[in-house]
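S.K.: curious how this folds, go ahead:
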Amino acid sequence: MPAPSASAAVTPETAAPETAPPEGRPTALVTGASRGIGRETALALARAGYDVAFTARTVEEGQGAIPPRYSGDARAGIPVPGSLRTTRERIEALGVRALPVPMDLLDRESVREAAATVRREFGRVDVLVNNAVAHIAGNHDRFLDLDLDVAARTMSGNYLNQIALLQEVIPGMVARGGGTIVNMCSGSATADPPAPPGEGGWGVAYAASKAAFGRLAGAINAEYLDRGVRAFNLDPGFVVTDAGAARGGTGSIAERGFDPTPEDAPGRAVVWLVTSPDADRFLGKVIWTPKLVASLGI
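M.R.: Prediction:
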(Lines give C-alpha, C1' and ligand atoms only; values in the text may rest on other atoms or scores of the structure.)
Protein backbone atom coordinates (compact mmCIF):
# COMPACT_ATOMS: atom_id res chain seq x y z
CA MET A 1 0.00 0.00 0.00
CA PRO A 2 1.49 3.41 -0.90
CA ALA A 3 2.30 5.78 1.93
CA PRO A 4 -0.22 8.60 2.50
CA SER A 5 0.76 12.03 1.24
CA ALA A 6 2.15 14.50 3.76
CA SER A 7 -0.88 16.75 3.29
CA ALA A 8 -3.41 14.04 4.12
CA ALA A 9 -4.40 12.90 7.57
CA VAL A 10 -3.43 9.35 8.44
CA THR A 11 -6.34 6.94 8.97
CA PRO A 12 -6.39 3.59 10.78
CA GLU A 13 -6.35 1.94 7.36
CA THR A 14 -3.28 3.84 6.09
CA ALA A 15 -1.30 4.01 9.35
CA ALA A 16 2.04 2.21 9.17
CA PRO A 17 2.32 -0.85 11.42
CA GLU A 18 3.55 0.21 14.84
CA THR A 19 6.28 -1.61 16.69
CA ALA A 20 7.22 -2.01 20.32
CA PRO A 21 9.69 0.63 21.58
CA PRO A 22 13.20 -0.40 22.62
CA GLU A 23 13.41 -2.24 25.96
CA GLY A 24 9.61 -2.41 26.07
CA ARG A 25 9.23 1.13 27.44
CA PRO A 26 6.08 3.10 26.64
CA THR A 27 6.47 6.25 24.56
CA ALA A 28 5.21 9.79 24.92
CA LEU A 29 5.12 12.84 22.67
CA VAL A 30 5.07 16.25 24.38
CA THR A 31 4.70 19.40 22.28
CA GLY A 32 6.20 22.74 23.22
CA ALA A 33 8.87 21.30 25.50
CA SER A 34 11.94 23.49 25.18
CA ARG A 35 10.98 25.25 28.41
CA GLY A 36 8.18 25.76 30.91
CA ILE A 37 5.27 23.37 31.42
CA GLY A 38 6.18 21.28 28.39
CA ARG A 39 9.75 20.63 29.49
CA GLU A 40 8.70 19.78 33.05
CA THR A 41 6.03 17.42 31.70
CA ALA A 42 8.52 15.70 29.42
CA LEU A 43 10.87 15.23 32.38
CA ALA A 44 8.06 13.90 34.58
CA LEU A 45 7.16 11.29 31.96
CA ALA A 46 10.84 10.35 31.60
CA ARG A 47 11.07 9.82 35.37
CA ALA A 48 7.97 7.61 35.08
CA GLY A 49 9.81 5.38 32.60
CA TYR A 50 8.65 6.73 29.25
CA ASP A 51 10.80 7.26 26.19
CA VAL A 52 9.95 10.86 25.31
CA ALA A 53 9.73 12.64 21.98
CA PHE A 54 9.25 16.38 22.29
CA THR A 55 8.83 19.35 20.00
CA ALA A 56 9.71 23.03 19.97
CA ARG A 57 10.94 25.73 17.62
CA THR A 58 14.13 26.51 19.56
CA VAL A 59 16.90 24.03 18.76
CA GLU A 60 19.90 25.51 20.60
CA GLU A 61 20.31 27.62 23.72
CA GLY A 62 20.44 31.32 22.93
CA GLN A 63 18.11 31.02 19.93
CA GLY A 64 14.86 31.29 21.88
CA ALA A 65 12.74 34.37 21.23
CA ILE A 66 9.02 35.04 21.57
CA PRO A 67 6.82 37.92 20.41
CA PRO A 68 5.16 40.37 22.82
CA ARG A 69 1.56 40.00 23.96
CA TYR A 70 0.47 43.35 22.58
CA SER A 71 1.01 44.88 19.16
CA GLY A 72 2.03 48.19 20.74
CA ASP A 73 5.03 46.57 22.39
CA ALA A 74 8.11 47.53 20.36
CA ARG A 75 10.06 44.41 21.32
CA ALA A 76 10.22 42.25 18.18
CA GLY A 77 11.76 39.14 19.70
CA ILE A 78 11.97 38.71 23.46
CA PRO A 79 14.86 36.40 24.46
CA VAL A 80 13.96 33.34 26.53
CA PRO A 81 16.06 30.43 27.80
CA GLY A 82 15.47 26.80 26.86
CA SER A 83 16.01 24.59 23.83
CA LEU A 84 15.48 21.13 22.40
CA ARG A 85 19.14 20.38 23.15
CA THR A 86 18.83 21.16 26.86
CA THR A 87 15.61 19.17 27.23
CA ARG A 88 17.25 16.24 25.46
CA GLU A 89 20.22 16.30 27.80
CA ARG A 90 18.00 16.37 30.88
CA ILE A 91 15.82 13.51 29.64
CA GLU A 92 18.75 11.32 28.65
CA ALA A 93 20.26 11.85 32.10
CA LEU A 94 17.22 9.98 33.42
CA GLY A 95 18.15 6.87 31.44
CA VAL A 96 15.44 6.86 28.75
CA ARG A 97 15.39 7.73 25.06
CA ALA A 98 14.94 11.37 24.11
CA LEU A 99 13.82 12.43 20.63
CA PRO A 100 13.95 16.18 19.95
CA VAL A 101 11.79 17.20 16.98
CA PRO A 102 11.74 20.75 15.60
CA MET A 103 8.15 21.89 15.05
CA ASP A 104 6.40 25.20 14.44
CA LEU A 105 2.78 25.08 15.58
CA LEU A 106 1.90 27.81 13.07
CA ASP A 107 3.15 25.67 10.17
CA ARG A 108 0.74 22.79 9.49
CA GLU A 109 3.20 20.80 7.39
CA SER A 110 5.78 21.16 10.15
CA VAL A 111 3.24 19.65 12.56
CA ARG A 112 2.54 16.70 10.26
CA GLU A 113 6.23 16.13 9.59
CA ALA A 114 6.94 16.12 13.33
CA ALA A 115 4.35 13.37 13.85
CA ALA A 116 5.84 11.38 10.99
CA THR A 117 9.31 11.68 12.53
CA VAL A 118 8.09 10.33 15.86
CA ARG A 119 6.30 7.41 14.19
CA ARG A 120 9.43 6.61 12.19
CA GLU A 121 11.87 6.82 15.12
CA PHE A 122 9.74 5.48 17.99
CA GLY A 123 7.30 3.33 16.05
CA ARG A 124 4.36 4.31 18.26
CA VAL A 125 2.90 6.99 20.52
CA ASP A 126 1.28 5.76 23.72
CA VAL A 127 0.78 9.20 25.25
CA LEU A 128 0.36 12.56 23.53
CA VAL A 129 0.51 15.77 25.57
CA ASN A 130 -0.66 18.77 23.54
CA ASN A 131 1.06 21.54 25.43
CA ALA A 132 2.40 23.79 22.65
CA VAL A 133 0.69 27.15 22.24
CA ALA A 134 0.97 29.72 19.45
CA HIS A 135 2.49 32.98 20.66
CA ILE A 136 1.73 35.76 18.19
CA ALA A 137 2.34 39.47 18.67
CA GLY A 138 -0.98 41.14 19.36
CA ASN A 139 -3.01 38.05 20.29
CA HIS A 140 -3.81 39.70 23.63
CA ASP A 141 -4.73 43.07 22.15
CA ARG A 142 -7.91 44.77 23.26
CA PHE A 143 -11.07 44.13 21.28
CA LEU A 144 -11.06 47.15 18.95
CA ASP A 145 -7.30 46.96 18.45
CA LEU A 146 -7.32 43.29 17.43
CA ASP A 147 -5.95 42.52 13.97
CA LEU A 148 -8.19 39.82 12.47
CA ASP A 149 -5.23 38.25 10.70
CA VAL A 150 -3.62 37.80 14.14
CA ALA A 151 -6.85 36.24 15.41
CA ALA A 152 -6.94 33.87 12.41
CA ARG A 153 -3.33 32.78 12.87
CA THR A 154 -3.90 32.27 16.58
CA MET A 155 -6.90 30.06 15.81
CA SER A 156 -4.87 28.06 13.29
CA GLY A 157 -2.06 27.40 15.72
CA ASN A 158 -4.08 26.73 18.85
CA TYR A 159 -6.94 24.82 17.24
CA LEU A 160 -6.73 23.78 13.57
CA ASN A 161 -3.11 22.64 13.61
CA GLN A 162 -3.75 20.80 16.86
CA ILE A 163 -6.39 18.83 14.96
CA ALA A 164 -3.78 18.08 12.29
CA LEU A 165 -1.47 16.57 14.92
CA LEU A 166 -4.26 14.53 16.48
CA GLN A 167 -5.25 13.22 13.05
CA GLU A 168 -1.70 11.94 12.65
CA VAL A 169 -1.47 10.29 16.08
CA ILE A 170 -4.92 8.84 16.78
CA PRO A 171 -4.96 6.24 13.96
CA GLY A 172 -1.91 4.49 15.39
CA MET A 173 -3.47 4.46 18.85
CA VAL A 174 -6.64 2.95 17.42
CA ALA A 175 -4.73 0.35 15.43
CA ARG A 176 -2.78 -0.65 18.55
CA GLY A 177 -5.87 -0.74 20.76
CA GLY A 178 -5.41 2.32 22.93
CA GLY A 179 -3.62 5.48 23.95
CA THR A 180 -3.98 8.56 26.13
CA ILE A 181 -4.13 12.21 25.09
CA VAL A 182 -3.81 15.12 27.51
CA ASN A 183 -4.69 18.57 26.17
CA MET A 184 -3.40 21.53 28.15
CA CYS A 185 -6.44 23.78 28.14
CA SER A 186 -6.91 27.23 29.66
CA GLY A 187 -9.18 28.89 32.17
CA SER A 188 -9.47 31.77 29.69
CA ALA A 189 -11.57 29.43 27.51
CA THR A 190 -14.47 29.37 29.96
CA ALA A 191 -13.99 32.31 32.34
CA ASP A 192 -14.63 35.93 31.46
CA PRO A 193 -11.55 38.11 31.95
CA PRO A 194 -11.72 40.00 35.24
CA ALA A 195 -10.34 43.14 33.60
CA PRO A 196 -9.12 44.40 30.21
CA PRO A 197 -5.93 42.93 28.71
CA GLY A 198 -2.94 44.45 30.41
CA GLU A 199 -4.90 45.12 33.60
CA GLY A 200 -5.36 41.55 34.80
CA GLY A 201 -7.34 40.15 31.86
CA TRP A 202 -6.56 38.35 28.62
CA GLY A 203 -7.23 38.91 24.94
CA VAL A 204 -10.20 37.45 23.09
CA ALA A 205 -8.08 36.04 20.23
CA TYR A 206 -6.16 33.81 22.60
CA ALA A 207 -9.18 32.90 24.73
CA ALA A 208 -11.33 32.00 21.72
CA SER A 209 -8.62 29.77 20.25
CA LYS A 210 -8.24 27.93 23.55
CA ALA A 211 -12.02 27.59 23.83
CA ALA A 212 -12.07 25.83 20.45
CA PHE A 213 -9.12 23.66 21.52
CA GLY A 214 -11.05 22.71 24.65
CA ARG A 215 -13.70 20.93 22.55
CA LEU A 216 -11.28 18.41 21.05
CA ALA A 217 -11.00 16.02 24.00
CA GLY A 218 -14.75 15.49 24.17
CA ALA A 219 -14.97 14.84 20.44
CA ILE A 220 -12.18 12.27 20.65
CA ASN A 221 -13.83 10.47 23.56
CA ALA A 222 -17.19 10.39 21.77
CA GLU A 223 -15.63 8.66 18.75
CA TYR A 224 -12.73 6.62 20.11
CA LEU A 225 -13.17 5.89 23.81
CA ASP A 226 -14.74 2.52 23.03
CA ARG A 227 -11.64 1.76 20.94
CA GLY A 228 -9.24 2.43 23.80
CA VAL A 229 -8.29 6.05 23.10
CA ARG A 230 -9.10 8.51 25.88
CA ALA A 231 -8.54 12.26 26.05
CA PHE A 232 -8.34 14.58 29.05
CA ASN A 233 -8.57 18.36 29.37
CA LEU A 234 -6.03 19.52 31.96
CA ASP A 235 -6.00 23.15 33.08
CA PRO A 236 -2.48 23.78 34.40
CA GLY A 237 -3.57 26.75 36.48
CA PHE A 238 -1.80 30.09 36.51
CA VAL A 239 1.80 29.06 35.84
CA VAL A 240 4.36 31.84 35.48
CA THR A 241 6.80 30.33 33.00
CA ASP A 242 9.98 31.92 31.67
CA ALA A 243 8.12 32.82 28.48
CA GLY A 244 5.13 34.26 30.32
CA ALA A 245 7.32 36.35 32.58
CA ALA A 246 9.36 37.60 29.62
CA ARG A 247 6.25 38.68 27.70
CA GLY A 248 4.98 40.58 30.74
CA GLY A 249 1.47 41.00 32.07
CA THR A 250 1.57 38.17 34.59
CA GLY A 251 1.97 40.53 37.52
CA SER A 252 -1.35 42.25 36.85
CA ILE A 253 -3.08 38.85 36.61
CA ALA A 254 -1.60 37.79 39.95
CA GLU A 255 -2.86 41.03 41.48
CA ARG A 256 -6.38 39.99 40.48
CA GLY A 257 -6.16 37.03 42.86
CA PHE A 258 -4.80 34.27 40.60
CA ASP A 259 -2.39 32.25 42.72
CA PRO A 260 0.61 30.89 40.78
CA THR A 261 0.89 27.13 40.27
CA PRO A 262 4.35 25.49 40.42
CA GLU A 263 5.76 24.90 36.96
CA ASP A 264 6.20 21.17 37.55
CA ALA A 265 2.67 20.56 38.90
CA PRO A 266 1.01 19.93 35.50
CA GLY A 267 3.66 17.30 34.70
CA ARG A 268 2.89 15.47 37.93
CA ALA A 269 -0.80 15.60 37.06
CA VAL A 270 -0.12 14.23 33.56
CA VAL A 271 1.82 11.24 34.90
CA TRP A 272 -1.04 10.39 37.25
CA LEU A 273 -3.65 10.72 34.48
CA VAL A 274 -1.79 8.42 32.09
CA THR A 275 -0.85 5.77 34.67
CA SER A 276 -3.65 5.62 37.27
CA PRO A 277 -6.60 3.25 36.77
CA ASP A 278 -8.68 5.82 38.67
CA ALA A 279 -8.11 8.58 36.11
CA ASP A 280 -11.12 7.74 33.94
CA ARG A 281 -13.43 9.43 36.45
CA PHE A 282 -12.09 12.73 35.11
CA LEU A 283 -13.09 12.08 31.50
CA GLY A 284 -15.46 14.76 30.27
CA LYS A 285 -14.29 17.26 32.87
CA VAL A 286 -11.82 20.11 32.92
CA ILE A 287 -9.23 19.03 35.48
CA TRP A 288 -7.86 21.82 37.66
CA THR A 289 -4.21 20.97 38.29
CA PRO A 290 -3.79 22.66 41.70
CA LYS A 291 -6.82 20.81 43.09
CA LEU A 292 -5.78 17.45 41.61
CA VAL A 293 -2.20 17.48 42.88
CA ALA A 294 -3.30 18.70 46.31
CA SER A 295 -6.03 16.08 46.68
CA LEU A 296 -3.73 13.25 45.60
CA GLY A 297 -0.65 14.51 47.43
CA ILE A 298 1.50 14.20 44.31
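
S.K.: state the helix or strand in which Leu234 lies.
M.R.: With elements taken from DSSP states H and E, the one containing Leu234 is strand 229-235.

S.K.: now for that strand, which elements pack on it?
M.R.: Counting by 3 or more C-beta pairs under 8 Å, 6 or more residues apart in numbering; DSSP states H and E, the packing neighbours recorded for strand 229-235 are helix 161-176, strand 179-184, helix 216-224, helix 265-275, strand 286-288. Any C-beta I mention is one placed from the backbone N, CA and C, and that applies to glycine too.

S.K.: which residues sit in contact with the most centrally placed residue in the chain?
M.R.: Among the residues of the chain, the smallest C-alpha distance to the mean C-alpha position (C-alpha atoms, centre = their mean) belongs to Asn131, namely 1.1 Å. For Asn131, the residues meeting the contact criterion (C-beta atoms under 8 Å, 6 or more residues apart in numbering) are Val30, Thr31, Gly32, Ala33, Ile37, Gly38, Thr41, Met184.

S.K.: same check, this time on Leu296
M.R.: Shown in contact with Leu296 (C-beta under 8 Å, 6+ apart): Trp272.

S.K.: the closest residue to Leu160 other than its chain neighbours and Tyr159, how far apart?
M.R.: Setting aside the residues directly before and after it, Leu160 is nearest to Arg108 in space (C-beta to C-beta, 6 or more residues apart in numbering), at 7.5 Å. For Arg108, the distance to Tyr159 (C-beta to C-beta, to the nearest Å) stands at 12 Å.

S.K.: mind checking which of the helices and strands packed on strand 229-235 is nearest Pro81?
M.R.: Proximity to Pro81, assessed across those by C-beta to C-beta, is greatest for helix 265-275 (17.9 Å).

S.K.: run the chain-centre distance for that closest one.
M.R.: 13 Å (C-alpha atoms, centre = their mean, to the nearest Å).

S.K.: thinking again about what came up before, now the helices and strands packed on strand 229-235 as a markdown table including distance to Pro68, mean pLDDT and mean neighbour count?
M.R.: As requested, the helices and strands packed on strand 229-235 are exported to a markdown table (distance: least, C-beta to C-beta, whole Å; pLDDT from 0 to 100; neighbours: other C-beta atoms under 10 Å):
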| stretch | distance to Pro68 | mean pLDDT | mean neighbour count |
| --- | --- | --- | --- |
| helix 161-176 | 22 | 98 | 22 |
| strand 179-184 | 22 | 98 | 25 |
| helix 216-224 | 28 | 98 | 17 |
| helix 265-275 | 24 | 97 | 24 |
| strand 286-288 | 28 | 97 | 18 |
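
S.K.: a markdown table for these, including distance to Gly77?
M.R.: Output for the helices and strands packed on strand 229-235, formatted as a markdown table (distance: least, C-beta to C-beta, whole Å):
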| stretch | distance to Gly77 |
| --- | --- |
| helix 161-176 | 21 |
| strand 179-184 | 24 |
| helix 216-224 | 30 |
| helix 265-275 | 26 |
| strand 286-288 | 33 |
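
S.K.: of all the ones you listed, which one is nearest Glu121?
M.R.: For the helices and strands packed on strand 229-235, proximity to Glu121 was assessed by C-beta to C-beta; helix 161-176 is nearest, at 13.3 Å.

S.K.: so which elements touch that closest one?
M.R.: Counting by 3+ C-beta pairs under 8 Å, 6+ apart, the packing neighbours recorded for helix 161-176 are helix 108-122, strand 127-130, strand 179-184, helix 216-224, strand 229-235.

S.K.: circling back: tell me which residues are up against the strand holding Leu234.
M.R.: Strand 229-235 has contacts (C-beta under 8 Å, 6+ apart) with 170, 173-174, 178-187, 214, 216-218, 220-221, 224, 266, 269-270, 273, 279-280, 282-283, 285-289.

S.K.: beta partners for the closest residue to Arg97 other than its chain neighbours?
M.R.: With C-beta to C-beta, 6+ apart as the criterion, Arg97 has its nearest non-adjacent residue at 3.9 Å, and that residue is Asp51. For Asp51, the beta-bridge partners are Thr27 (DSSP bridges).
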